[in-house]
Each structure stands twice: as structure tokens, then as C-alpha cells.
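In: I'll drop the sequence and a predicted model, then ask my questions.
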Amino acid sequence: MKGFAMAQIEYPDLVVVGAGLFGLTVAQQAVEHAGARVEIIDVRDHIGGNAYSYMDEETGAEIHKYGAHLFHTSNRRVWEYVNRFTSFTGYVHRVYATHDGEVYPLPINLGTINQFFHASYTPAG
């Protein structure tokens, strides 16, 4: 296995199948809160599941092996927890459409309707 060390525990208290985000969280919580001896097994040769990425040695670019993933939460406790293990790059998702040379924000909202019809509609009508 390249990139991380594995130690086989002779008699684990818990065997976690899958080293994706959920499996790693279960294992970490079992160790931290129950003092469990945990063994994690995965068919892949890396941790992180589908969220796995690595740095390409030739280009220095980060490669998302299974496609890019976004993590979002409005829960402060979840955000504090995940930040114990990694850092995040800020991202704001914006979607736009064009029609007759004009750019409109999506999903459609009152602002989009006003822009399209060159109007000043309000929620009241």
C-alpha cells in the first residue's frame, strides 16, 4: 500500500469494511470515544474512498481520481470535526445560463425573472 502505513491488529475490537469517509469516521470515533482497537480493510490501495485525490508528480496538479467532490455543511460541529483532519479550499457554486447574449443566474428566482423581462416584480405581485 502506497501513501499510508497499515498495521494488522491481531484481535481488533472492531473491523471496519471500507476506508471511505464514513468508514474512517466510524473507526476514528470508535478509537477516540471507546478506546477500541480498530482494523480497517478496503479493496482499494488508498484511504478516502471516492473522495481520494493525489498530487501528480509530473505536473504538481491535484488529481481527483474519481471526480471532484464538494463538502458542504451548515452544522458548526461537523465543520469543526472535519477541520481536525484536513484543510479546505473555498468554493462558491454559481450556475448561469445565456439567452440571446444575456447571462442569467440559475436556479431561476425573482431576480432572474426581473432581469429577463426588464421588470421590477415583487413577491407581492
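Out: Everything's here; your move. Numbers count the residues shown, from 1 in each chain.

In: Strands of this protein, start to end?
Out: Secondary structure of the chain (DSSP state E): strands at 14-17, 38-41, 53-55, 62-64, 95-99, 102-106.

In: residues contacting the residue nearest to P123 when sequence neighbours are not counted?
Out: The shortest distance from P123 to any non-neighbouring residue, by CB to CB, 6 or more residues apart in numbering, is to L110 (6.7 Å). Yep, even glycine has a C-beta here, placed from its N, CA and C like the rest. Applying CB atoms under 8 Å, 6 or more residues apart in numbering to L110 gives the contacts Y121, T122, P123.

In: Please compute how far the longest helix seen in the chain lies from its chain's middle.
Out: Assignment by DSSP state H gives helix 21-34 as the longest helix of the chain. How far helix 21-34 lies from its chain's middle: 17 Å, per CA atoms, centre = their mean, to the nearest Å.

In: Which other helices and strands does that helix contact?
Out: For helix 21-34, the packing partners by 3 or more CB pairs under 8 Å, 6 or more residues apart in numbering; DSSP states H and E come out as strand 14-17, strand 38-41.

In: Mean pLDDT added to the ones you listed, as a markdown table?
Out: Output for the helices and strands packed on helix 21-34, formatted as a markdown table (pLDDT from 0 to 100):
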| stretch | mean pLDDT |
| --- | --- |
| strand 14-17 | 97 |
| strand 38-41 | 96 |
